[in-house]
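# the sequence isn't on hand, but the structure is:
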């Protein structure tokens, strides 16, 4: 009876496999924050000639670079949340210009390709707040407080 040799990945290959399920690396977080600051500077200092972006203040909430740093997803929200879809579409139309301007501000081998998407976390937080303030939830909270007082 012969034994088959078992294939065990090298330690670096094992680590790469383990990273797939984990969150972003420290490098990704650091690069994402640097990209966020650079993009915020570009949006603040440059006047993009687009009627959809005219007079609009955009908040860049987060930038998530890919593991190879070649692509980055930019989460943004217009101030006040009005016309978000139209503004995100305009930013995606001008992503080449924005990428070029960012390239002058950051010191990376490659400036990542940008993809803008709407940050919906503010809308979700507002929905949760409305639910918590609803009469049904307030009634249930009052019942719980009365039961705690009885004990």
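Thanks, I have the structure now. On a predicted model such as this, the values are computed, not experimentally measured, just so you know.

# from here on, contacts and neighbour counts on C-alpha atoms
OK.

# for residue 103, which non-adjacent residue is closest in space?
Excluding its sequence neighbours, the residue lying closest to residue 103 (Cα to Cα, 6 or more residues apart in numbering) is residue 111, at 5.6 Å.

# I would like the residues contacting the biggest helix by length in the chain, please.
When the chain is parsed with DSSP state H, its longest helix is helix 26-45. Defining contact as Cα atoms under 8 Å, 6 or more residues apart in numbering, one finds that helix 26-45 is touched by 58-67, 69, 72, 74, 98, 101-102, 105-106.

# recalculate using a threshold of 10 Å.
Identification of contacts with helix 26-45 by Cα atoms under 10 Å, 6 or more residues apart in numbering yields 23-25, 48, 57-69, 72-75, 91, 97-108, 111-112.

# which ones are touching residue 59?
Residue 59 neighbours (Cα under 10 Å, 6+ apart): 36, 40, 43, 75-81, 119.
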